[in-house]
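> predicted structure and sequence below. I'll ask about it afterward.
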Amino acid sequence: MKYSGNLSVFTLGGTSYLGDFENVSFEVGSDTEEGKGGAQRHSNKVIVKQEFKATCSLMRTVTSVRETTLDLTTLTLGAIDLKPDVRTLNLNINSTLQECSGRADRYKTYQAVGTMFSGSGTLQVQDAATSDLIEEMVGALTGLQTTLSIDLGGTAAVLPVTLTKAWYTLERDGLYIVSFEFTQRGTPTSITGNTLVALILTGTALCAIVTTITTLGDRSGSTVIESCTLTMPEQGILKETYNFTGLGAPSVT
């Protein structure tokens, strides 16, 4: 039986992630429309369009070294240094796509017309602290329009954000934990490091995928990165998940 070890090639944008993936999928699907006549009992689905998609989950790796929560170098929200207190952090990036294939084209293709990111996290609060993000939320609105600076596992970005929500949770025998959410406020001013993250954040978002299964051949194609999620857990390896939408026909050889 074929198994994960039979994936002999896996590249995204020309870079091999064969040694970094947790899972990979490649899907070819059909859109159908009901074609049965009014006097017919049984359904008769007609294919009207096709497209392919791909997904993957990657362990963040820099020069063959797995990046973990220990590789958080910088995390600030405006003038607030969150690094000593952050417990978890998620960054979600999405491309807004418009389908633009020709009407007689068999496969769908897409144009990226927008980029949106948002995120969330949880913080512990130092015993000597005199304020928290709850206080920030009820302060001046101008204080909610700020900048998130992050250097995590070799990916560095300066992101204009709006703090949209903050709340605290207290459980018996537990820590005082503040959760927060933020959303995009304009164009990122700096992005370095991870190429895939930079692609979707800067709006380019185009990425070629090549997968090769031993004896079966290639399942490959040109895609646009539809979404990306970066996850920093409480402790452990940093994870990245991606969803790709195909541009035109896939290559299956």
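Looks like it came in fine. Numbering: from 1, shown residues only.
> stretch 98-118: how far from the chain's middle?
18 Å (C-alpha atoms, centre = their mean, to the nearest Å).
> the longest helix along the chain: what's the following helix or strand?
Scanning the chain for the longest helix, with DSSP state H as the assignment, gives helix 195-201. Once the chain leaves helix 195-201, the next helix or strand it forms, by DSSP states H and E, is strand 206-213.
> partner strands of that next one, parallel or antiparallel?
Partners of strand 206-213 in the sheet, by DSSP bridges, are strand 7-12 (antiparallel), strand 217-232 (antiparallel).
> out of the ones you listed, which is the most enclosed?
strand 217-232 (a mean of 20; mean count of other C-beta atoms under 10 Å). No exception for glycine: its C-beta is placed from N, CA and C like everyone else's.
> and it, what's its mean pLDDT?
For strand 217-232, mean pLDDT rounds to 97.
> packing partners of the following helix or strand past that strand?
Sequence-wise, the next helix or strand downstream of strand 217-232 (DSSP H and E) is strand 239-246. For strand 239-246, the elements it packs on are strand 45-59, helix 195-201, strand 217-232, judged by 3 or more C-beta pairs under 8 Å, 6 or more residues apart in numbering; DSSP states H and E.
> with distance to Tyr176 added, can I get the ones you listed in TSV?
Shown next, in TSV, are the helices and strands packed on strand 239-246 (distance: least, C-beta to C-beta, whole Å):
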stretch	distance to Tyr176
strand 45-59	32
helix 195-201	32
strand 217-232	20
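> ok, now which ones touch the residue nearest to the spatial centre of the chain?
The centroid of the chain falls nearest to Cys228 when counting by C-alpha atoms, centre = their mean (1.1 Å). Each residue near Cys228 by C-beta atoms under 8 Å, 6 or more residues apart in numbering is listed here: Asn92, Ile93, Asn94, Leu196, Val197, Ile200, Glu240, Thr241, Tyr242, Asn243.
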